[in-house]
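Undergrad: Task: produce atomic coordinates for the following.
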Amino acid sequence: MMNNLKIVALGGGSGLSTLLRGLKKYNKSITAVVNVADDGGSSGKLRTEFGVLPPGDIRNCLVALSEEESLMSRLFQYRFPARGTLSGHSFGNLFLTAMSSILGNFDSAIANCGEVLAIRGRVLPVTLSSIVLEAELKSGKKVKGESKISEVEEKIKCIGLSPMSPPATPDVIDVLKNADIIILGPGSLYTSIIVNLLVDGVVDAIKISKAYKIYVCNIMTQPGETKNYKLSDHVTAIEEHSYDGIFDCVVANKGTITENLMKRYEKYGACQVENDKICTKIVEGSLFSNEIYARHDPDKLAKVLVEIITSVLK
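TA: Predicted coordinates for the structure are as follows:
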């Protein structure tokens, strides 16, 4: 049953690729809809120099949906040493940029890279327009650029895009309308999740869709972007940029991370997201990986999502 479902996951950053890495073991019809507002690191450099959409998050999603142990997937993630003209660039980012130039458009480049990596599913940029993320802070100050917004220490009031309401990639609207399951998150609340909802047609397509809609909340807060945010604050922020009751279910972490890990995060002003009361159904699970970061474990997260989806479809 799971293998035949049309699942659409929206996001960006490491959160979306983590979700895909676990969920691909249960489903071969996953479509990843990826944020393209990144302006930092290798992606930012290639975006400035060659006028392409930022390839980093898209590359990570392509690799996440591929056979992880394959030589090609390892090659795509290879990052050149911190010296010389290729310093900081990953091979996959350069490959996508070159393919875009050869084929004349970025969506064709992604599709062909997907064939090279033999991915399970599809990867789509949320828009093919070059966009800049803008944030208005509680003080009224405005900040431009995803990389700068992620570093602000003041609370974010709202975010927007320049140009306003860029058109969604046509296939994105179709897959959302026809999806069985739509998943948002995990990932940076404003710069990875909400940014996708600002693209013209995305929110309307989600609202029209008969899909079961799930939000996967982050395990930890992020300094500046979601400092001291509780679960309800995350949901409220998304609803303010879309519509009330957008989710049928919210997945949240249950349990406390290790004391040493907590101390490491506290140094940067981050803490665990508190699961307070919300109107939407909450499903809790022990989701964090036993690593040096308090991030979602792909397999643990996938197991919880599969249990939710299976119970809904009974």
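Undergrad: From now on I want contacts and neighbour counts done on CA atoms only, so please keep to that.
TA: Will do.
Undergrad: Can you point out the buried residues in stretch 144-151?
TA: K144, G145, E146, S147, I149, S150 (16 or more other C-alpha atoms under 10 Å).
Undergrad: now the end-to-end length of it.
TA: 11 Å (C-alpha to C-alpha, to the nearest Å).
Undergrad: List the contacts of it.
TA: Identification of contacts with stretch 144-151 by C-alpha atoms under 8 Å, 6 or more residues apart in numbering yields 37-40, 132-135, 143, 191, 223-225.
Undergrad: now the host helix or strand of E134: mean pLDDT?
TA: E134 is located in strand 132-137, with elements delineated by DSSP states H and E. Model confidence over strand 132-137, given as mean pLDDT, is 94.
Undergrad: Which SSE is immediately downstream of it?
TA: Taking DSSP H and E, what comes next after strand 132-137 is strand 142-144.
Undergrad: Sheet-wise, list the partners of that next one with their directions.
TA: strand 132-137 (antiparallel) (DSSP bridges).
Undergrad: quick one: the strands in the stretch 51-200 of the chain?
TA: All strands of the stretch 51-200 of the chain, identified by DSSP state E, counting those that start in this stretch, fall at 122-125, 132-137, 142-144, 156-162, 181-184.
Undergrad: Make a markdown table out of those strands and add distance to Y293.
TA: Shown next, in a markdown table, are those (distance: least, C-alpha to C-alpha, whole Å):
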| stretch | distance to Y293 |
| --- | --- |
| strand 122-125 | 26 |
| strand 132-137 | 27 |
| strand 142-144 | 28 |
| strand 156-162 | 24 |
| strand 181-184 | 21 |
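Undergrad: Of all these, which one is nearest I214?
TA: Ranking the strands of the stretch 51-200 of the chain by proximity to I214 (C-alpha to C-alpha) places strand 181-184 first, at 4.8 Å.
Undergrad: other SSEs contacting that closest one?
TA: On a contact count with 3 or more C-alpha pairs under 8 Å, 6 or more residues apart in numbering; DSSP states H and E, strand 181-184 meets strand 7-11, strand 212-216.
Undergrad: mind checking which of the ones you listed is nearest A109?
TA: Here strand 7-11 is closest among the helices and strands packed on strand 181-184 (C-alpha to C-alpha), at 19.7 Å.
Undergrad: circling back to that earlier point, how big is the angle separating the strand holding E134 from strand 156-162?
TA: Between strand 132-137 and strand 156-162, the angle comes out at 160 degrees (axes from the mean of the first three to the mean of the last three C-alpha atoms, to 10 degrees).
Undergrad: Report the distance from strand 132-137 to the chain centre.
TA: How far strand 132-137 lies from its chain's middle: 18 Å, per C-alpha atoms, centre = their mean, to the nearest Å.
Undergrad: Pull the CA coordinates from that strand and hand them back as CSV.
TA: Presented in CSV, the C-alpha positions along strand 132-137 are these (Å, rounded to 0.1, in the frame of the first residue of the first chain):
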residue,chain,number,x,y,z
VAL,A,132,15.5,36.6,-2.8
LEU,A,133,14.2,35.9,0.7
GLU,A,134,13.3,38.9,2.8
ALA,A,135,12.4,39.1,6.5
GLU,A,136,10.7,41.8,8.6
LEU,A,137,11.8,41.6,12.2
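Undergrad: sorry, back to before: closest to K45 out of the buried residues of stretch 144-151?
TA: Once C-alpha to C-alpha is applied, the member of these that ends up nearest K45 is S147, at 12.4 Å.
Undergrad: ok, that closest one to L197 distance?
TA: According to C-alpha to C-alpha, S147 and L197 sit 19 Å apart.
Undergrad: what about the helices in the stretch 201-314 of the chain?
TA: Along the stretch 201-314 of the chain, the segments classed as helices by DSSP state H, counting those that start in this stretch run 202-208, 231-240, 259-266, 298-312.
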